[in-house]
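Got a sequence here, can you model it:
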Amino acid sequence: MDAMTAWLRRRGIHLLTGLAGFVMVLVLSGSVPAAVAAGIIALLPAFLGDRRTEPPPPRAADPSESADPLANVKAAFAGFDSPVFLLDRQGNVLFQNHSAAHAFGEINAGQHVSARIRQPAVLDIIRESFASGKPGATEIAMPVPSESVYLVRVVKAEGEADFFVLIFRDISETRRIDRMRTDFVANASHELRTPLASLRGFIETLMGPARNDPRAQEKFLAIMQEQVTRMSRLVDDLMSLSRLELKAKLAPDDAVDLVPLIGSVCDALAPLADHVGVEIVRNVPEGPVIVRGDRDELTQVFENLIENACKYGQEGKTVEVTLSAPDGQPPEVSVRDHGPGIPEEHVPRLTERFYRVNVESSRSKKGTGLGLAIVKHILTRHRARLVIRSEVGKGSTFTVRF
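Down below sits the predicted model:
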């Protein structure tokens, strides 16, 4: 309605101006005396009414806009990715953003923050900051619903409003990378110490007593090459494990047909099986069996499992690779050997880094102790799991369940 009124006023001004101009034309043409024209022009505003535009009256302030002094602050923190709480001086929650509600659950306004945040370290820095007015910070680890590490800060707001800001910053990825780097250095130094010591000893021997002994040189150089190859495999496995840990939370979504994949892995390992006197027997369906995953990583999984079965179960002479996909059930791939089996107490630890049931046997078969750890990390990324069953004297079965 206001817009229509303004339009009519604008049209009235244009009409008034036009009529006045028309009267002036009549005067100049002699059709109307000047005195009569002046009277007509004087009567035009009264005839048309007051059409002058007036500025719109000022909009009355909305009382609700000034009712909440924290409205702007809440709007600023609402879209934060990090959990944020606004607290009064008693520790009661004035506001929590969506990230805080998602991470810790809903807290009603007016409830004390300890209704959801029960970590003593966090409550301590809140009390200290309330008492001193100074910022506080701490680091906490939360094991559920998933292992997370937060850097927690509490800061007193500067301004007229009297409140505190409690912010949780997720540093889980940073801490995991730090731990991974530490583990890498510790494990690598431990595993590389033996081959490096061997190389040093052989080099000293070749430079000294065996300097002019071609037979000893040939023998020692072969051993040195074997040690260098072992170190290279170890570094490759450690780097592979590190890359997998970095993308552990990113599930692959490519469609992979397990039937040809398992066939290609068995064909690639056939020379190794022949060398150790083992036959690889495949039991796979004729039709495709599709899973979501990364083809290269799944190839690495089955290469590890089948190679281990050939090397450690070679006494059984046969390794059975079975792919089953029951109607309506997720597919499973099992790799079974008929070797000596694994004692029960060792089974839960087989996927730990560098864990070996028999260290000498593992090293003699050129194992790095990281194969099953890599398998576990790949399957975790694929939302699958590894089930191990073994009985001494009857062999072992490693089953991948998608």
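
Show me where this structure has its strands.
All strands of the chain, identified by DSSP state E, fall at 84-87, 93-96, 136-142, 148-156, 164-170, 254-257, 279-283, 290-293, 318-324, 332-337, 385-391, 395-401.

who does the second one pair up with?
Note on strand 93-96: by DSSP bridges, its sheet partners are strand 84-87 (antiparallel).

what does the partner strand contact?
70, 73-74, 77, 93-97, 99-100, 107, 113, 117, 126, 154, 163-168 (C-beta atoms under 8 Å, 6 or more residues apart in numbering). Where you see a C-beta, it was placed from the backbone N, CA and C, and this is true even at glycine.

Quick one: buried ones out of those?
Among these, those scoring as buried are 73, 77, 93-97, 99-100, 107, 113, 117, 126, 154, 163-168 (criterion: 16 or more other C-beta atoms under 10 Å).

okay, now Met231: neighbour count?
18 (other C-beta atoms under 10 Å).

For it, which non-adjacent residue is closest in space?
The shortest distance from Met231 to any non-neighbouring residue, by C-beta to C-beta, 6 or more residues apart in numbering, is to Pro195 (5.2 Å).

Verify the stated contact: the one you found with Thr229.
No - between Pro195 and Thr229 there is no contact under C-beta atoms under 8 Å: 9.4 Å.

These two: which is more packed in?
Ranked by neighbour count (other C-beta under 10 Å), Pro195 and Thr229 place Pro195 first, with 19 against 12.

if we can go back for a sec, next, format the strands of the chain as CSV and append mean pLDDT and distance to Ile378.
Shown next, in CSV, are the strands of the chain (pLDDT from 0 to 100; distance: least, C-beta to C-beta, whole Å):
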stretch, mean pLDDT, distance to Ile378
strand 84-87, 94, 37
strand 93-96, 93, 38
strand 136-142, 90, 26
strand 148-156, 91, 23
strand 164-170, 93, 25
strand 254-257, 92, 12
strand 279-283, 93, 21
strand 290-293, 92, 9
strand 318-324, 93, 17
strand 332-337, 94, 13
strand 385-391, 92, 10
strand 395-401, 93, 10
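
Save those strands as a markdown table, and put in distance to Lys247 too.
As requested, these are exported to a markdown table (distance: least, C-beta to C-beta, whole Å):
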| stretch | distance to Lys247 |
| --- | --- |
| strand 84-87 | 28 |
| strand 93-96 | 31 |
| strand 136-142 | 22 |
| strand 148-156 | 18 |
| strand 164-170 | 17 |
| strand 254-257 | 14 |
| strand 279-283 | 31 |
| strand 290-293 | 13 |
| strand 318-324 | 26 |
| strand 332-337 | 22 |
| strand 385-391 | 18 |
| strand 395-401 | 19 |
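
looking at those strands, which is closest to Phe302?
Nearest to Phe302, of all the strands of the chain, is strand 332-337, at 6.9 Å by C-beta to C-beta.

And that closest one, what does it pack against?
Applying 3 or more C-beta pairs under 8 Å, 6 or more residues apart in numbering; DSSP states H and E, we find strand 332-337 packed against helix 295-312, strand 318-324, strand 395-401.

Which one, of the ones you listed, ends up nearest to Ala268?
helix 295-312 (7.2 Å).

okay, the angle between the closest one and strand 318-324?
Helix 295-312 runs at 150 degrees relative to strand 318-324, counting by axes from the mean of the first three to the mean of the last three C-alpha atoms, to 10 degrees.

ok now helix 295-312, how far from the chain's centre?
Centre-to-centre, helix 295-312 and its host chain are 27 Å apart (C-alpha atoms, centre = their mean, to the nearest Å).
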